[in-house]
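Colleague: Compute the structure for the input listed below.
(2 chains)
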Amino acid sequence: MKMQKKRYVLKFPPQSGDQPFSYHLVKDFDIRINILRAEVWPGKTGSLVLELEGTTTNLKNGIAYLQENQVSCEPLNKKITWDHVRCISCGNCTAVCFAGALQLDPEKWELQFDPEKCIVCELCVPACPLNLFKIDFRE
Amino acid sequence: MGIQKTYEEINEKIRRGEAVVLTAEEVSQMALTCSPEEIAERVDVVTTATFGAMCSSGAIVNFGHASPPIRMEKIRLNGVPAYEGLAAVDTYIGATACDSENPKYGGAHVIQDLVDGKDIELEAWGKGTDCYPRKHIKTIINKETVNEMILFNPRNAYQNYNVAVNSTSQMKYTYMGNLLPNMRNATYSTSGELSPLLNDPEMKTIGIGTRIFLGGTQGFVVWPGTQFNTSKPKNEHGVPMSNSATLAVMGNLKEMSSEFLQAAYYEKYGVSLFVGIGIPIPVLNADIAKCVSIRNDQIQTTVLDYGVEGTPMLGRVTYAELRSGEIEVQGKKIRTAPVSSLSKARKIAEILKQSILAGEFEISKPVQMFPTNTSLKSLKETKGGDAK
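Modeller: Prediction:
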């Protein structure tokens, strides 16, 4: 079976804090999870940035399981927007992007964003002198 | 004695559509297989360019007189303070000016909004005089309503610039970008072998009166820039190894475009303006052909520690190393990133090349050359700050 690896942003409703979702993802759906970022506020919403690795079927079923339990699960690249039309490719964001998601193409020296490498550290947001990055992590 | 061309001969070729024009990157490639003499024979003009944040920039604006008139003694443009000491309705808005209440919108943003034709709120106050009775005005101005708006940048296009690193354990927020702790990144600024003053290190063709590409239109070099310094150490290729000469430039802001004039805000530093500058270098002889053939591996710059007071020097690297993505400083490998746009600089060099080829842009012989023996003074503090 072909394995897939993809990054997701999960959002938990306030009443879900006591449920071991990650345990079920591993145990029931055989998904390897890598927690990239977590914000959990008891009684309020929580959010997780996860890298999920598993077979296509298992990933699909695991995500369906989360959604059945009112946990929203969206691909990470939909949560990060970068206004590439206004981007001048100065390189300031690449200086702080230690994950290597933001890089200048070594031929054309234009900015490239690879969401699969992003760990949502958010350092690019203040580093951009034109304020072109928007990360919708908490909403 | 090899080939020697005059400015007028090259302009004649430009007018006839026969001039051979290359960008500085193209001529550096050509130099791998051609001698300076051959390049001087075949190439007439080499275009250089840069697109970086240049803090020492600003614009002169004349608002026109209102009725009744006011002698503007305090001026705000979209809340940003502009200089009030230039007659009644002239001002100078500096790129880095801002109101501390709204630090992310500054003079550079006002300049960009003016260029884009947006409306700007002008508010001004005066004490009221017999000839200028009015004490207050609040109105809307834009590109069309003002008499003149002239970009006048006292210090642009630095000849080389240092590399910034940070050896401390805290993030440093600088005009060279956000510097990660423990030297985990290094930032550099010039366009290397494409950079204007690195292609004419002794400024044999660039001087007062040189016609240039500025912010999307034709502008001029009007003076040596402030902090103009010709006494920095040079390498074996005659290129200074740290920031040295600079240019003061001027041009009609009404004709410029925000594609080549872009406001910027640096976290915990402030506002600055990205300025697009392109300079044509006439290949008058083999000596100049050799200068414009300089390559990134032949240009060195100095690595400075921005985390430590006095920014001590940590080493020297070439632009070829900087562009490779990693440099080695004091035995440590450091990831590099530029903070000025090479893709935009290339675009400017290409636009300039095309406009010379089309006969729309002629080269100009400087009216006066720059001084050759300047150094830099630092600011001394007198005891108690009192004048004697």
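
Colleague: Give me the neighbour count for residue 79.
Modeller: No chain in the question, so chain A it is. The burial count assigned to A:Lys79 is 21, neighbours taken as other C-beta atoms under 10 Å in any protein chain shown. Quick note: C-beta positions are derived from backbone N, CA and C, even for glycine.

Colleague: oops, chain B please
Modeller: 14.

Colleague: In contact with it, which residues?
Modeller: Counting by C-beta atoms under 8 Å, 6 or more residues apart in numbering or on different chains, B:Gly79 touches B:99, B:101-102, B:105, B:121.

Colleague: and if we set it to 10 Å?
Modeller: When the contact criterion is C-beta atoms under 10 Å, 6 or more residues apart in numbering or on different chains, the partners of B:Gly79 are B:98-99, B:101-102, B:105-106, B:110, B:121, B:123.

Colleague: right, is stretch B:103-110 up against chain A?
Modeller: Yes. Judged by C-beta under 10 Å from any C-beta of the partner chain, stretch B:103-110 comes into contact with chain A at B:104, B:108.

Colleague: I'd like the mean pLDDT over that stretch, please.
Modeller: Taken as a whole, stretch B:103-110 carries a mean pLDDT of 98.

Colleague: cool, stretch B:22-37 as well?
Modeller: Mean per-residue pLDDT for stretch B:22-37: 98.

Colleague: burial of A:Asn58, as a residue count?
Modeller: Summarising burial for A:Asn58: neighbours were counted as other C-beta under 10 Å, giving 19.

Colleague: Surely B:Ile351 is in a helix?
Modeller: Yes. Going by DSSP: H, G, I helix; E, B strand; the rest coil, the assignment for B:Ile351 places it inside a helix.

Colleague: Help me confirm that it comes into contact with B:Pro280.
Modeller: No. At 11.4 Å, B:Ile351 and B:Pro280 do not qualify as touching, with contact defined as C-beta atoms under 10 Å.

Colleague: pull the helix or strand with minimum mean pLDDT from chain A.
Modeller: Between all helices and strands in chain A, the lowest mean by mean pLDDT, DSSP states H and E belongs to strand A:80-82, at a mean of 85.

Colleague: and it, how far from the chain's centre?
Modeller: 11 Å (C-alpha atoms, centre = their mean, to the nearest Å).

Colleague: who's in contact with it?
Modeller: So strand A:80-82 is contacted by A:9, A:93, A:101-102, A:111, A:113, A:115, A:118, A:120, A:122, A:124-125, A:128, A:132-137 (C-beta under 10 Å, 6+ apart).

Colleague: how about 6 Å then?
Modeller: In this structure, residues lying in contact with strand A:80-82 by C-beta atoms under 6 Å, 6 or more residues apart in numbering or on different chains are A:113, A:132-135.

Colleague: cool, and stretch B:198-213?
Modeller: Applying C-beta under 6 Å, 6+ apart, the set of residues contacting stretch B:198-213 from outside is B:24, B:48, B:218-221, B:238-239, B:278-279, B:281-282, B:291-292, B:299, B:348, B:352, B:364, B:366-370.

Colleague: Sheet-wise, list the partners of the least confident helix or strand of chain A with their directions.
Modeller: In the sheet containing strand A:80-82, the strands it pairs with under DSSP bridges are strand A:133-135 (antiparallel).

Colleague: buried ones in the strand it pairs with?
Modeller: The neighbour-count check on strand A:133-135 (16 or more other C-beta atoms under 10 Å in any protein chain shown) flags A:133, A:135 as buried.

Colleague: What residues does the stretch 201-350 of chain B have near chain A?
Modeller: Taking C-beta under 6 Å from any C-beta of the partner chain as the measure of proximity, the stretch 201-350 of chain B contacts chain A at B:262, B:264-267, B:337-339, B:341-344.

Colleague: Helices of the stretch 151-300 of chain B, start to end?
Modeller: For the stretch 151-300 of chain B, applying DSSP state H, counting those that start in this stretch gives helices covering B:286-292.

Colleague: Might you report the residue contacts of the residue in it that chain A sits nearest to?
Modeller: Checking the stretch 151-300 of chain B residue by residue against chain A with C-beta to the nearest C-beta singles out B:Ala264 as nearest, at 3.5 Å. Going by C-beta under 6 Å, 6+ apart, B:Ala264 touches A:129, B:53, B:272, B:274.

Colleague: what's the closest non-adjacent residue to the third one?
Modeller: What that stands for is B:Ser272. Counting by C-beta to C-beta, 6 or more residues apart in numbering or on different chains, the nearest residue to B:Ser272 once its immediate chain neighbours are dropped is B:Ala53, at 4.2 Å.

Colleague: now the first one
Modeller: When the adjacent residues along the chain are set aside, A:Pro129 lies closest to B:Ala264, with 3.5 Å between them (C-beta to C-beta, 6+ apart).

Colleague: May I have the beta-bridge partners of the one you found?
Modeller: Taking DSSP bridges, one finds B:Ser272 as the beta-bridge partners of B:Ala264.

Colleague: Equivalent analysis for B:Ile208, please.
Modeller: Partner residues in beta bridges with B:Ile208, using DSSP bridges, are B:Gln368.

Colleague: That one: how many residues sit nearby?
Modeller: 16.

Colleague: longest single helix anywhere in chain A?
Modeller: Within chain A, and with DSSP state H defining each element, the longest helix by residue count is helix A:56-68.

Colleague: ok, then the element right after that one?
Modeller: strand A:72-75 (DSSP states H and E).

Colleague: Paired strands for that following strand, with orientation please.
Modeller: Note on strand A:72-75: by DSSP bridges, its sheet partners are strand A:3-12 (antiparallel).

Colleague: which of the residues in the partner strand are buried?
Modeller: So for strand A:3-12, counting by 16+ other C-beta under 10 Å, buried means A:6-12.

Colleague: ok, B:Thr190 - contacts?
Modeller: Going by C-beta under 6 Å, 6+ apart, B:Thr190 touches B:Tyr161.

Colleague: can you rerun that using 7 Å?
Modeller: Contacts for B:Thr190 (C-beta atoms under 7 Å, 6 or more residues apart in numbering or on different chains) come out as B:50, B:158, B:160-161, B:198, B:340.

Colleague: Likewise for B:Gln218?
Modeller: Residues counted as contacts of B:Gln218 (C-beta under 7 Å, 6+ apart) are B:211, B:251, B:361.

Colleague: Of those residues, which is the nearest to B:Leu77?
Modeller: Using C-beta to C-beta, B:Gly251 is the member of the contacts of B:Gln218 that lies nearest B:Leu77, at 19.7 Å.

Colleague: B:Ser257 versus the closest one, what's the distance?
Modeller: Counting by C-beta to C-beta, to the nearest Å, the separation of B:Gly251 from B:Ser257 is 12 Å.
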